[in-house]
Structure formats: C-alpha cells, structure tokens
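S.K.: here's my sequence, what's the structure:
(one chain, ligands or ions: 2)
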Amino acid sequence: MEAREQWGTRAGFIMAAIGSAIGLGNIWRFPAVAYDGGGGAFFIPYLIALLTAGIPLLIMEFTIGHKYRGSAPLSYSRMSKKTEWIGWWAVFVAFVISTYYSVIIAWAMSYSVFALNQSWGDDTEGFLFGEYLQVADAGQIGSLVPGVLIPLIIVWVITLGVLFRGVQRGIEIANRIFIPALVVIFLIICIRAVTLPGAALGLQAFFEPDFSAITSGEVWVAAYGQIFFSLSIAFAIMITYSSYLPKKSDITNNAFITGFSNSSFELLAGIGVFAALGFMATQAGVGVDEVVAGGIGLAFVVFPQIINAFPALSGLFGFLFFLSLVLAGLSSLISISETYVKGISEKFNISRAKSVAIGGGAAALLSLIFATNGGINFLDAADYFINQFGVALIGLVEVIVVAWFLRKLPEFQEHANGVSDIPLGLWWRVCLGIITPIILGYMMFSLFVQNLF
Ligand code: PHE
Ligand code: NA
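M.R.: Ligands and ions are numbered 1, 2, ... in the order given. Prediction:
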C-alpha cells in the first residue's frame, strides 16, 4: 500500500483549514446575520456558539481524521462498521455544495473584470438578472449563459488542477498563496472602506447592540448556524484535511487557531462591509438600514453600486473586492471537492488522477445547470435545502453517534491529549455530548416547525 499523503508543514495544514473556513460565508453572510441578530449584542451568542460548539466539534473532526487516517467515509467505517454512511452523507452534501459554490465564484471572477470600468452600468440589479444572467428572458430558459461559462471553466480548471497535484504540491501550495494574498487584499479594502465619508454611520449601525434581540431563540439558532457553516464543520472537509496530518501533530491548538482566525476574518468583513454600506447610505441620503443586504444581493447588486459611487480608483477597488471573493471562494471549493475526490479514490482504490476526473468531472458538469438561464432558481433552492437540512442534521447525527451510541469521546480525548499542546478536559465532553446535541436538536425542531406551519 502507498504511504498516505501528508502535509509538508504544520503551517500548510493550518492555512488549508483556514482556507476552507474563510469563504463567501464570512464576507457576505456574517455581516448581515450579525446585523439582524442584534448588532453588537450578537457577539454574545456568537462567541458562545464558537466556544461551546464550533471549536469543540472542530477538535472532534480533527481527532477523527488524525486517528483513523481516512477521508470521511473511511474514517467513519474504521470507527465502526455501521457508520460509514455518515461519511458518505457528508460527502454527498459537499458534492452538491460544490456544484453551485463554483458558479458563484465564476460570477465573482466575471465581476472582477467588469469592475475595471464598471461595465455593469447604473442599474446593477437589472444588469445581474438581465444582461448577465438573462433570467428575465423566459423564452430562453435552459440555455447556457455565455457570460458565466468561461469563468466557470476557469474555476474548475484551477480547482481540479490543484487537486490533481495532490496534498502537498497542490492544496498546500495553493492555500499558502491564496490565504495571505486574501488577507492583504482584504485589509486594503477595509482600510479604504473605513476612511470613506459616512463609514462611521455604517459601523455604528453594525456595532450598536440591541440586547433584546438575544432573548429570542431564533438569534441563537442563527449564531450556531453561522458558526457551523463558517467553520466548514459537518461537511466531511475537516476530517479529510486532518487525515493528512503527520502522526505527531497538534490537534487542539490547531483547532483554536483555525476557529479564531476564521472569526477574526469575519469581524474584519463586518467592519469593511458596514463601513461601505454607511458610505452608500450617505451618498444616497438614506438610513443604513435601507441598504443592508447579504448574499448575492450584497455582492452583485449593492457592491457594484458602492463601487460606482467611489470617489477615486473605483476600478481598482472594485477589482480587489471581487478578487477577494474569488480567493476566499476557491480555497473553500478546493476543500469541498477534496472530500469526494479522496472519498472515491479510497473507496474504489483508484488513483487521485482518476477520481479527480470522475468526481470533479461530474461536479463540473452538474454545475452547468446553475450556469443556465434560470439556473439561479435552482441555486436558491439547493442552497436553502443544504443550509436547512444538510448541516444541522449531519452535525446532530455526528455528535449523537460519536458521543452516545459509540461513546467515543473519552478515547478521542485521550488521543488528542497525547499529541496536543492544550489538554482537553471534561468541558469538551460536556460541550459535545450535551450542549451541542441540545442546540442542534432545538435547531432541527424549530426548522421543522417553521416548515410545517
Ligand atoms: N466555510 C465556508 C464559508 O464560510 C463555506 C463552506 C461551507 C465551505 C461548506 C465549504 C463547505 O463560506
Ligand atoms: Na467561514
């Protein structure tokens, strides 16, 4: 048997884990979620979610990968013959995400070029849904959108090229370039944003605490949901990445570094986005609350407007903003796609090159659906389904099976403590065995109630 592929350095693993964590969710999801969840007051549920569920679960996934040395399905099958399906379920969800995440990165890539001379014009919403995605043109539903196709091909060529080169020569090198570049570019954007006229108004809107918000269960659910999605937990990713750790490598400290780096970037994004929104509100003579947006609307409708209004160098800053989306997105897409590339390669005993061609090829082909006229509707539906039922449910099953059915936590604790700087204690088992299942159970319950009534 071939020796298992390994990370070349500790920093390489950390960069890759951070690269997976920092994604579109940090830039376009967190700021809006925090604003809706009480602004400054949201940091209370958010930090509690990070410390009671996010980091403990990250430690657990790092331990599983490190101990069983396999992609998610193989690791779960080594844990117990009966649990391989949990790994495949997570891999399947990751596969679905990759088919549409790639399309959004492709849009960002096109927009980085459009930004150079603001070719989206004044009506940015009309441009996105009209000229660019052609969703208005009902007669042509189902035809490929030409503006999306070429960037989408580039996105997949980069992603599959990186995966083809393997763990050290592909994933590690890519993240060691992408992540530092992303941080530098994003800092430049944030410094520019906070010095724009009106920035202070935006920051005030973002940080002003509304403590009544955090008495609502929904806000706590939103905080835990954001932490799960943002840390890429329950997607098979962190298990796969940690399976390439050398035998003697830290687990717990690496999880803390990954968790805090991701949250720091999230905070930075909140500052940058809201400073820019404050600028835009001031220009338009309206309140900040009237321009707040998240997701596709924030990135592809509101940001182009902000860039149109820029006092100087709008082409450059627009380009940098969309480039940061591309870099954050690509490093996450690489991690999502590695879950099935490795999963398939181990299950069917085929080479990395073959499973990149099969798994990556299938994902790339399916992503074409979202690149068709009208595909945005599927994209919304897929994203809704995944976020509502994929993440929370897998996370719940994962902790219940590990903590209660297999009763593995004491063994995992010993394993992690054998290699880590920071010792795990009873708090870790309480977080995973009791707090996390209760919160995730409540999350699922309220989702069902919401969807039934
Ligand atoms: N963690 C990434 C983000 O914040 C998103 C992601 C989710 C990446 C699932 C991979 C898998 O955007
Ligand atoms: Na994230």
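
S.K.: from here on, contacts and neighbour counts on C-alpha atoms
M.R.: Will do.

S.K.: where's the closest residue to G360 other than its chain neighbours, which helix or strand?
M.R.: Leaving aside its sequence neighbours, G360 sits nearest to L160 (C-alpha to C-alpha, 6 or more residues apart in numbering; 6.5 Å). Assessed by DSSP states H and E, L160 sits inside helix 146-166.

S.K.: about what we covered before: separation between the residue nearest to G360 and A353?
M.R.: Between L160 and A353 the computed distance is 9 Å (C-alpha to C-alpha, to the nearest Å).

S.K.: same question, A106
M.R.: Separation of A106 from A353 (C-alpha to C-alpha) stands at 24 Å.

S.K.: more neighbours: these two, which one.
M.R.: A106 (27 against 16; other C-alpha atoms under 10 Å).

S.K.: which helices and strands does whatever helix or strand that one lives in pack with?
M.R.: Per DSSP H and E: A106 is located in helix 84-117. If you count contacts as 3 or more C-alpha pairs under 8 Å, 6 or more residues apart in numbering; DSSP states H and E, helix 84-117 packs onto helix 72-79, helix 146-166, helix 314-347, helix 361-370, helix 375-385, helix 391-399.

S.K.: by how many degrees do the helix or strand of the chain with the lowest mean pLDDT and helix 84-117 diverge?
M.R.: Ranked by mean pLDDT, DSSP states H and E, the weakest helix or strand in the chain is helix 375-385, scoring a mean of 78. For helix 375-385 against helix 84-117, the angle by axes from the mean of the first three to the mean of the last three C-alpha atoms, to 10 degrees is 140 degrees.

S.K.: what does helix 375-385 contact?
M.R.: With contacts defined as C-alpha atoms under 8 Å, 6 or more residues apart in numbering, helix 375-385 is touched by V96, I97, Y100, V135, G142, I369, F370.

S.K.: that one to helix 391-399, inter-axis angle?
M.R.: Going by the same axes, to 10 degrees, helix 375-385 makes 40 degrees with helix 391-399.

S.K.: and ligand 1, is helix 375-385 touching that?
M.R.: No. Using C-alpha under 6 Å from any ligand atom, helix 375-385 never reaches ligand 1; the gap is at least 10.6 Å.

S.K.: so which bits of that helix are buried?
M.R.: Neighbour-count burial for helix 375-385, counted by 16 or more other C-alpha atoms under 10 Å, picks out G375, I376, L379, A382, D383.

S.K.: same thing with stretch 69-78?
M.R.: Buried positions in stretch 69-78, judged by neighbour count with 16+ other C-alpha under 10 Å: R69, G70, S71, A72, P73, L74, S75, Y76, S77, R78.

S.K.: kindly report the same for stretch 353-370.
M.R.: 353, 355-360, 363-364, 366-370.

S.K.: quick one: mean pLDDT over that stretch.
M.R.: Stretch 353-370 carries an average pLDDT of 96.

S.K.: what sits up against that stretch?
M.R.: Applying C-alpha under 8 Å, 6+ apart, the contact partners of stretch 353-370 are 95-96, 98-100, 102-103, 144, 149, 156, 160, 163-164, 337, 340-342, 344-345, 375-376, 378-379.

S.K.: endpoints of that stretch, how far apart?
M.R.: In terms of C-alpha to C-alpha, the two terminal residues of stretch 353-370 are separated by 26 Å.

S.K.: quick check, distance from it to the centre of its chain.
M.R.: Centroid separation for stretch 353-370 versus its chain: 20 Å, with C-alpha atoms, centre = their mean, to the nearest Å.

S.K.: again, but for stretch 19-31
M.R.: Worked out by C-alpha atoms, centre = their mean, stretch 19-31 lies 5 Å from the chain centre.

S.K.: then stretch 415-428?
M.R.: That offset, for stretch 415-428, works out to 26 Å (C-alpha atoms, centre = their mean).

S.K.: how about that stretch as PDB, C-alpha atoms only?
M.R.: Output in PDB follows, covering the C-alpha atoms of stretch 415-428 (Å, rounded to 0.1, in the frame of the first residue of the first chain):
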ATOM      1  CA  HIS A 415      -5.900  10.600  21.600                       C
ATOM      2  CA  ALA A 416      -6.000  14.400  21.200                       C
ATOM      3  CA  ASN A 417      -4.300  15.000  24.500                       C
ATOM      4  CA  GLY A 418      -1.500  12.600  23.500                       C
ATOM      5  CA  VAL A 419      -0.400  15.000  20.800                       C
ATOM      6  CA  SER A 420      -1.700  18.400  21.600                       C
ATOM      7  CA  ASP A 421      -0.400  21.500  23.500                       C
ATOM      8  CA  ILE A 422      -3.800  22.300  25.100                       C
ATOM      9  CA  PRO A 423      -5.200  19.400  27.200                       C
ATOM     10  CA  LEU A 424      -8.900  18.600  26.800                       C
ATOM     11  CA  GLY A 425     -11.000  18.100  29.900                       C
ATOM     12  CA  LEU A 426     -14.500  17.400  31.000                       C
ATOM     13  CA  TRP A 427     -15.700  20.700  29.500                       C
ATOM     14  CA  TRP A 428     -15.000  19.300  26.000                       C
END
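
S.K.: could I get the average pLDDT for that stretch?
M.R.: Taken as a whole, stretch 415-428 has a mean pLDDT of 97.

S.K.: same check on stretch 194-209?
M.R.: The predicted model gives stretch 194-209 an average pLDDT of 97.

S.K.: got the CA positions of that stretch in PDB?
M.R.: Output of stretch 194-209 as PDB, limited to C-alpha atoms (Å, rounded to 0.1, in the frame of the first residue of the first chain):
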ATOM      1  CA  VAL A 194     -13.400  52.900   6.900                       C
ATOM      2  CA  THR A 195     -12.000  56.100   5.600                       C
ATOM      3  CA  LEU A 196     -14.900  56.800   3.200                       C
ATOM      4  CA  PRO A 197     -17.300  59.500   4.100                       C
ATOM      5  CA  GLY A 198     -20.200  58.000   6.100                       C
ATOM      6  CA  ALA A 199     -18.300  54.900   7.200                       C
ATOM      7  CA  ALA A 200     -18.800  55.800  10.900                       C
ATOM      8  CA  LEU A 201     -22.600  55.600  10.400                       C
ATOM      9  CA  GLY A 202     -22.300  52.200   9.000                       C
ATOM     10  CA  LEU A 203     -20.100  51.000  11.800                       C
ATOM     11  CA  GLN A 204     -22.400  52.500  14.300                       C
ATOM     12  CA  ALA A 205     -25.300  50.500  12.800                       C
ATOM     13  CA  PHE A 206     -23.300  47.400  12.800                       C
ATOM     14  CA  PHE A 207     -22.000  47.600  16.400                       C
ATOM     15  CA  GLU A 208     -24.900  49.200  18.200                       C
ATOM     16  CA  PRO A 209     -26.100  46.500  20.500                       C
END
